[in-house]
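>>> Quick one, structure for this:
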Amino acid sequence: MTVDIRATPPNPVSMPSVLRSVTLVRTSFRRTGLGSSVCGTVLSFSPLSSVTVCGWHSGTRPLDFPPQTCNTNSMKNKHIEHPEDSILTGDLRVLDLLRTEGHLSVKMDGAPAIVWGKNPATGNFFVGTKSVFNKVKIKINESHQDIDANHTGNVATILHKCLDYLPQTDGIFQGDFIGFGGTDEYTPNTITYQFDDTVEEEIIVAPHTYYTAESDLRDAIAHPMNFTITDTFYCKFVKPLATIASGLYDDGLKRFHDLDDVISFARVMAQDVEFVSDKEATLIKQELNSCIRENRPVIASTFMNEKLISFWLLVKSIKEDAIYLCRNNGPKAYIGQTPIGGEGYVYSNEYGTFKLVNREQFSYANFNNSKYATV
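Numbering: from 1, shown residues only. Predicted coordinates for the structure are as follows:
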């Protein structure tokens, strides 16, 4: 299956004759062929790097990248886990993940989540929220009439603009809505973002995931976006570059080299831990989230399974060390007046996809945000 980014403008009548150049860069796939020349794309390849550049222009070739060639994993559309929460049942994949080369991306704090692309069931362009993936009450919007029927208030206003201004594509994408153009400061959820200049585009979206689906969005498979979409005339895409800083142990791979010793230690400590069932883990996570929400420290001795919570704290400290090694070139970020590095990061490879978030900083503020109450 292929994902094809097309150059169809959102509003052909009002679209200016000259569009700003838009590029799509993907850094980790093997090119299998040029594909058919049915839609507008310019491809350039370099034998010295694994970068492919695609411009949304007319009269050339489409981008063709089978998701199967990506080095990172794919998964059903579901919640991304914190590393420390994932180990409660004895699933230690995150320790392998952090020792292995992978893809690091910035987690932007936008709202609502926007999904857009080509509906595999109808072949039409659509926009929506995550409700497009619902199993029963599906809300897929292929027209302004659909938006009015399915949504109200601010969400409807945002979706109307997205239907007008997001670039049409044969792929399926998800991103977080940051705001409407016209200023340089945005607080879509908990974090305030300060851009260097006033945003002139109509809408701002932070894309992070693309999907493949055979015939129905309910069966969509999620893939991390190991490529970047740059701005169109109407839409500013915010996808900061994320990197990992390394010390003396750099082996040339894009991974958390400096965590090797502590991860080895965690492997040894895990041998003495009694892990729990999925049902028990859910209850423990509820208690841990209560501690974060109420700004209480997590003290292992206050839990029935002390060794498990001690191990949870160890993995959490490894995650925090990983966050300390992360860098990004995104807009300045604040919670209130306090500068922060951002919401966090997402790291993915063949061992899975996990979010690296400072829970005492962002999750505490997010839990207590009256607008949205999710971690």
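>>> residues near Val127, how many?
As a burial measure, Val127 scores 24 neighbours (other CB atoms under 10 Å). Glycine gets a C-beta too; all of them are placed from N, C-alpha and C.
>>> Equivalent analysis for Ala300, please.
Count around Ala300 with other CB under 10 Å applied: 15.
>>> what sits against it?
By CB atoms under 8 Å, 6 or more residues apart in numbering, the contact list for Ala300 reads 306-307, 309-310, 312-313.
>>> wait, which of these is closest to Lys285?
Lys285 lies nearest to Trp312 out of these, by CB to CB, at 9.7 Å.
>>> Find the nearest non-adjacent residue to the closest one, please.
Of all residues not flanking Trp312 in the chain, Glu84 sits nearest, at 5.0 Å (CB to CB, 6 or more residues apart in numbering).
>>> hmm, back to that, please report which of the contacts of Ala300 has the highest neighbour count.
Busiest of the contacts of Ala300 [other CB under 10 Å] is Trp312, holding 25 neighbours.
>>> which stretches of the stretch 151-300 of the chain form helices?
For the stretch 151-300 of the chain, applying DSSP state H, counting those that start in this stretch gives helices covering 153-165, 260-270, 278-293.
>>> Which of those has the highest mean neighbour count?
Of all the helices of the stretch 151-300 of the chain, helix 153-165 carries the top mean neighbour count, a mean of 18, counting by mean count of other CB atoms under 10 Å.
>>> just checking, what packs against that one?
Contact partners of helix 153-165 among helices and strands, from 3 or more CB pairs under 8 Å, 6 or more residues apart in numbering; DSSP states H and E: strand 113-118, strand 125-128, helix 144-150, strand 172-180, strand 203-212.
>>> In a markdown table: the ones you listed, plus mean pLDDT and distance to Ile229.
As requested, the helices and strands packed on helix 153-165 are arranged in a markdown table below (pLDDT from 0 to 100; distance: least, CB to CB, whole Å):
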| stretch | mean pLDDT | distance to Ile229 |
| --- | --- | --- |
| strand 113-118 | 96 | 12 |
| strand 125-128 | 97 | 16 |
| helix 144-150 | 98 | 23 |
| strand 172-180 | 97 | 8 |
| strand 203-212 | 95 | 6 |
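>>> do you know which of the ones you listed lies nearest Asp91?
Shortest distance between Asp91 and the helices and strands packed on helix 153-165, using CB to CB, is found for strand 203-212: 21.9 Å.
>>> Now do the closest one against helix 153-165, angle only.
With axes from the mean of the first three to the mean of the last three CA atoms, to 10 degrees defining the directions, strand 203-212 sits at 80 degrees from helix 153-165.
>>> and strand 203-212, how far from the chain's centre?
How far strand 203-212 lies from its chain's middle: 7 Å, per CA atoms, centre = their mean, to the nearest Å.
>>> one step back: quick one: which of the helices and strands packed on helix 153-165 is nearest Ile284?
Closest of the helices and strands packed on helix 153-165 to Ile284 is strand 113-118, at 27.1 Å (criterion: CB to CB).
>>> Listing partners with orientation, what would you give for that closest one?
Its sheet considered, strand 113-118 pairs with strand 125-128 (antiparallel), strand 172-180 (antiparallel) by DSSP bridges.
>>> okay, the ones you listed in CSV with distance to Leu104 next?
Formatted as CSV, the strands paired with strand 113-118 follow (distance: least, CB to CB, whole Å):
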stretch, distance to Leu104
strand 125-128, 28
strand 172-180, 17
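>>> deepest of those, which one?
Compared across these, strand 125-128 shows the largest average neighbour count, a mean of 24 (mean count of other CB under 10 Å).
>>> Okay, now the unreliable bits of the stretch 151-300 of the chain?
For the stretch 151-300 of the chain, applying pLDDT under 70 flags the ranges 247-252.
>>> before we move on, back to that, mind putting the helices of the stretch 151-300 of the chain in CSV, distance to Asn189 included?
As requested, these are exported to CSV (distance: least, CB to CB, whole Å):
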stretch, distance to Asn189
helix 153-165, 12
helix 260-270, 32
helix 278-293, 16
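>>> His144: which of those helices is closest?
helix 153-165 (6.0 Å).
>>> any idea how far that closest one is from the chain center?
21 Å.
>>> can you list the residues that contact that helix?
Helix 153-165 is contacted from outside by 10-11, 112, 114, 116, 127-129, 141, 143-144, 147-148, 151, 177, 180, 201-203, 205, 232, 234-235, using CB under 8 Å, 6+ apart.
>>> tell me the contacts of Cys326?
Applying CB under 8 Å, 6+ apart, we find Cys326 in contact with 104, 242-245, 341, 345, 356.
>>> what about it, distance to Phe265?
According to CB to CB, to the nearest Å, Cys326 and Phe265 sit 21 Å apart.
>>> repeat for Ser86
Distance, Ser86 to Phe265, by CB to CB: 18 Å.
>>> Could you do Glu306 as well?
Separation of Glu306 from Phe265 (CB to CB): 18 Å.
>>> ok, now Asn289?
Taking CB to CB, one finds Asn289 at 27 Å from Phe265.
>>> what about Leu97, neighbour count?
Look at Leu97: counted by other CB under 10 Å, it has 23 neighbours.
>>> Then Lys137?
7.
>>> swap in Lys135?
The burial count for Lys135: 6, using other CB under 10 Å.
>>> From what I see, Gln361 and Tyr334 are in contact.
No: at 11.5 Å, Gln361 does not count as touching Tyr334 under the criterion of CB atoms under 8 Å.
>>> Give me the common contacts of those two.
With CB under 8 Å, 6+ apart as the test, Gln361 and Tyr334 both reach Ile340.
>>> Now that Gln194 has come up, it's in contact with Thr187, right?
No: using CB under 8 Å, Gln194 is not in contact with Thr187; the gap is 10.1 Å.
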